[in-house]
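> here is the input, now give the coordinates:
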Amino acid sequence: MTPAARLASAASVLDSIAQGRAPADVVLKAWGAANRYAGSKDRRAVAERVYEVLRSRGRLVRAMGGREDGRALVIGSLAFLDGLTLEEIEALHAGDGYGPRPLSKQERARIEAGEGDLPDWAAAGLPEFVAEDLKTTFGDRWSEEAVALMARAPVDLRVNTARTTVEAARAELTAGGLTPRPTPWSAVGLRLPSEPAPNVQGLKAFNAGEVEIQDEGSQIVTWLAGSGLSFTPDSIVVDYCAGGGGKTLALAQMMSPSPLAGEGGGRRPTDEGSRSWSPVSSDSPADGGETPHPTRSAGHLLPQGEKGRGLIACDVVQKRLDNIRPRLERAGVAADLRLLGPNGGGVEEFNGKADLVFVDAPCSGSGAWRRRPEDAWRLKADEVERLHALQLRILAQAAQLVKPGGRLAYVTCSILTRENEAVADAFEAAHPGFRPVPATDLLAAKTLSDAARTGLGDKAKGGRIRLSPASTGTDGFFAALYERRA
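Now for the predicted structure:
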């Protein structure tokens, strides 16, 4: 493909992203599959242009007079991000072959006029209501947070210490030509640079269940949720909004007795019964044996040898639960997968019995915009209000499962106050029976590093902690931790 054809393709992909809700990487993959003539360098160039535009979309829309189409945004990126002259841009818009048509009079005028004085929110590349929220939360540091939020993110891995050690996993990845380094806060995390993009799912370590893709911030909030708890064969842990299952797998690891798994017990992957099954599956067990009867008690949740130790993963979408099944199998762990009703029903038999209820609530995902910058421009203020009400309702429903003396963890991957502190404030006002657990007291978790114990304390306030790309080098996360009074 010529450079001009790559620009035309990038504009087309941007239009496709804007017209739907699919992630940018999915749209790019579909474009590549439909255009087999595009080589690897072509696909890479188109993807880089697309993400460059998405990360600066607010600025480019403003500079191009409010136009939001892919062509205008690509032209704007050439002028205001790449710094090309009008003549250079015109040469790329000659209308030859598969290249874009010549510039219009209005497009030339926009390039010649320059960007002018941009509002601070546009310069930061964020919607105005989000920028205002960041100002309230971070004060003078808001622009630093905004820049980090839209920057490229590394690839973080969680080492499954029931399968291998951190040192062995790092050595294996290094031998494969990668450059992993320990994550600063999670003691079982490894970090790969974003460039060149690693094919993690093609790695032997990944397919053997030795590593999983999980942002370090996601690991941290999971370790905090279980810190200090002693898991026994009768323990019940509920992942109330399991989603893709990343935190479900981390919770399973936390309940394991492996050297760095945390305070709980568990097994080595070679133990009898290490394969998992799901009570909502009609599939036979992987070893071809008889399918266990899907009873409703907590005693059947893990394989033989760990009978009674219960991890229950819930969701309102069956497909998500189905997608968790192979991840559990690969990691050598198990969970009871429960499909919830639209009002959260389906696990009432555990009301007042759970040692830990982990609520990774549906949210805007704004803390992960550095991975999905297109979502920043799909989010509207009224959607945040809808999410606030939903999150509060889910948290109240999940709280019923917690036993006296048990723990409740509310988590979002959001940077927005309305989804974080505002939900925690409202929950605490309505549920005085739940006492905040000081987050600093939970930093002693074995799966957190010594650096975390000293470096994350100032990110905590009472029973809450905030993580962000600029302050902790992670995705944006919020956690509020509670103990149910007797």
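> tell me which helix or strand Thr137 sits in.
Counting by DSSP states H and E, the element that carries Thr137 is helix 128-138.
> and after that helix, which helix or strand comes next?
Later in the chain than helix 128-138, the nearest helix or strand by DSSP H and E is helix 142-149.
> just the angle between that next one and helix 128-138, please?
Angle of helix 142-149 versus helix 128-138, following axes from the mean of the first three to the mean of the last three CA atoms, to 10 degrees, is 120 degrees.
> and the helix holding Thr137, what does it pack against?
helix 120-124, helix 142-149 (3 or more CB pairs under 8 Å, 6 or more residues apart in numbering; DSSP states H and E). Where you see a C-beta, it was placed from the backbone N, CA and C, and this is true even at glycine.
> again, only using 10 Å
Applying 3 or more CB pairs under 10 Å, 6 or more residues apart in numbering; DSSP states H and E, we find helix 128-138 packed against helix 57-63, helix 120-124, helix 142-149, helix 381-399.
> can you tell which of the ones you listed is closest to Gly462?
Closest to Gly462 of the helices and strands packed on helix 128-138, according to CB to CB: helix 381-399, at 16.8 Å.
> over the closest one, what's the mean pLDDT, rounded is fine.
Average pLDDT, helix 381-399: 97.
> the inter-axis angle of it versus helix 128-138?
Going by the same axes, to 10 degrees, helix 381-399 makes 50 degrees with helix 128-138.
> paired strands for the helix or strand following helix 381-399, with orientation please.
Counting by DSSP H and E, the element after helix 381-399 in chain order, helix or strand, is strand 402-412. Here strand 402-412 is paired, per DSSP bridges, with strand 354-360 (parallel), strand 477-484 (antiparallel).
> now do the first one: distance to the chain's middle.
The chain centre lies 18 Å from the centre of strand 354-360; the measure is CA atoms, centre = their mean, to the nearest Å.
> and it, which residues are buried?
Within strand 354-360, the residues that qualify as buried are Ala354, Asp355, Leu356, Val357, Phe358, Val359, Asp360, counting by 16 or more other CB atoms under 10 Å.
> in the sheet, who's paired with the fifth one?
Judged by DSSP bridges, the bridge partners of Phe358 are Asp239, Ala409.
> how near is it to Gly346?
In this view, Phe358 and Gly346 are 16 Å apart by CB to CB, to the nearest Å.
> name the nearest of the buried residues of strand 354-360 relative to Phe477.
Nearest member of the buried residues of strand 354-360 to Phe477, counting by CB to CB, is Asp360, at 9.7 Å.
> who's in contact with that closest one?
Residues in contact with Asp360, defined by CB atoms under 10 Å, 6 or more residues apart in numbering, are 218, 221-222, 225, 239-244, 246-248, 394, 409-413, 477, 479.
> quick revisit: of the strands paired with strand 402-412, which approaches Ala72 most closely?
For Ala72, the closest of those is strand 477-484, at 34.7 Å, according to CB to CB.
> tell me the buried residues in the strand or helix carrying Leu28?
Using DSSP H and E, Leu28 sits in helix 24-34. By 16+ other CB under 10 Å, the buried positions in helix 24-34 come out as Ala24, Val27, Leu28, Trp31, Gly32.
> can you check stretch 390-400 too?
For stretch 390-400, the neighbour count (16+ other CB under 10 Å) marks Gln391, Leu392, Ile394, Leu395, Gln397, Ala398, Ala399 as buried.
> distance to Arg43 for the residues you listed - can I get that in JSON lines?
Formatted as JSON lines, the entries for those read as follows, by distance: CB to CB, whole Å:
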{"residue": "Gln391", "distance to Arg43": "38"}
{"residue": "Leu392", "distance to Arg43": "43"}
{"residue": "Ile394", "distance to Arg43": "39"}
{"residue": "Leu395", "distance to Arg43": "42"}
{"residue": "Gln397", "distance to Arg43": "44"}
{"residue": "Ala398", "distance to Arg43": "42"}
{"residue": "Ala399", "distance to Arg43": "47"}
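> return the member of those nearest to Phe231.
The closest of the buried residues of stretch 390-400 to Phe231 turns out to be Ala398 (CB to CB; 18.9 Å).
> so that closest one versus Tyr410, what's the distance?
Taken as CB to CB, the span from Ala398 to Tyr410 is 8 Å.
> could you do Pro342 as well?
Taking CB to CB, one finds Pro342 at 21 Å from Tyr410.
> in the stretch 301-450 of the chain, which spans are strands?
310-315, 336-339, 354-360, 402-412, 434-436 (DSSP state E, counting those that start in this stretch).
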